[in-house]
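S.K.: What follows is a predicted protein model with its sequence.
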Amino acid sequence: MKILALDTSSIVASVAVMDEEKLIGEHIINHEKTHSQKLMPMIEDLLNSCELTMADIGLVAVAEGPGSFTGLRIGVATAKGLAHAANIPVVGVSTLDALAFNLPFCEGLICPILDARRNQVYTGVYKWEAGDFHGIEAPMAITLDELIEKLLARPERVVFVGDGIEKHADALTKSLGNRAVFSPNTVKMPRASSVAQLALQKAAEGKVESFYALTPNYLRKSEAERQYEEKMKRCDLDGCDKG
């Protein structure tokens, strides 16, 4: 079965086609064009380059979050539309799981970090043990200090991956010393091939779903949702018109 995988959870846009035997093709663009401009042309170009059409695809996989709210909406909506048109199932894969999976058979802990703003990071903690990939800490949105506290409680070295490295490298090195290791640029960014590999595993376990059920996993509410809730709370206190 061939899988078409998408990742638009950050500024990076990545598209891959994979089956059980090999990675057939992958396109990655780390540039400022919006995902709405570049995603569909990337998909079309990749399929053409691999001499495939959507009729050859048996499953669509997508990074479901966390990450950029706009990017996730574009990626998930595109995955749903493609799956609907081709009448095939979809698989959502955690952005953080896929980032950590960029480092196969890595020794020590793997810690993906995405900048979540508001003094928080999206993160999780992972480890390879006896050839198996395990989640130690589930995806979460926490402060960097809270993450450092969790990591200091364990003895292993920590390999960091993700776009949050640049902003937080100094603080992580100061707290963890030589236990903090930072991944090279080739694996630091999201890769649709990692989304595809994890999706293959989920599909083998029967963990696929209809495009109707697929939704982004933001991990926390958007700024607009928070502002609306704060407005409603003030209205409850002040008795203002909620219309």
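M.R.: Received it, and whenever you're ready, just let me know what you need.

S.K.: Every contact and neighbour count from this point should use C-alpha atoms.
M.R.: OK.

S.K.: phi, psi of E20?
M.R.: Main-chain dihedrals, E20, degrees, to the nearest 10: phi -70, psi -20.

S.K.: wait, what's in contact with it?
M.R.: By Cα atoms under 8 Å, 6 or more residues apart in numbering, the residues touching E20 are 1-2, 200.

S.K.: next one: V93
M.R.: V93 is in contact with 61-65, 195, 198-199, counting by Cα under 8 Å, 6+ apart.

S.K.: just how off-centre is the helix or strand hosting it within its chain?
M.R.: Taking DSSP states H and E as the definition, V93 sits inside strand 90-94. Relative to its parent chain, strand 90-94 has a centroid offset of 9 Å by Cα atoms, centre = their mean, to the nearest Å.

S.K.: Now do it, average pLDDT.
M.R.: For strand 90-94, mean pLDDT is 98.

S.K.: Would you mind pulling up the elements that the next helix or strand after it packs against?
M.R.: Next helix or strand after strand 90-94 toward the C-terminus (DSSP H and E): helix 95-101. On a contact count with 3 or more Cα pairs under 8 Å, 6 or more residues apart in numbering; DSSP states H and E, helix 95-101 meets strand 57-65, strand 109-117, strand 120-129, strand 132-142, helix 192-204.

S.K.: elements contacting the first one?
M.R.: Looking back up the chat, that one is strand 57-65. With contacts taken as 3+ Cα pairs under 8 Å, 6+ apart, strand 57-65 sits against strand 2-7, helix 69-86, strand 90-94, helix 95-101, helix 192-204.

S.K.: before we move on, back to that, only the buried subset of the contacts of E20, as a ChimeraX command please.
M.R.: Per 16 or more other Cα atoms under 10 Å, the buried members of the contacts of E20 correspond to this ChimeraX selection:
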select :2,200
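
S.K.: which SS class is A169?
M.R.: Counting by DSSP: H, G, I helix; E, B strand; the rest coil, the backbone at A169 sits in helix.

S.K.: measure the residue positioned nearest the centre of the chain to T143 for me?
M.R.: With distances taken as Cα atoms, centre = their mean, T95 lies nearest the centre of the chain, 1.5 Å away. Distance, T95 to T143, by Cα to Cα, to the nearest Å: 18 Å.

S.K.: Could you check the helices and strands packed on helix 95-101 and tell me which one is nearest E51?
M.R.: Among the helices and strands packed on helix 95-101, strand 57-65 comes nearest to E51, with 11.8 Å by Cα to Cα.
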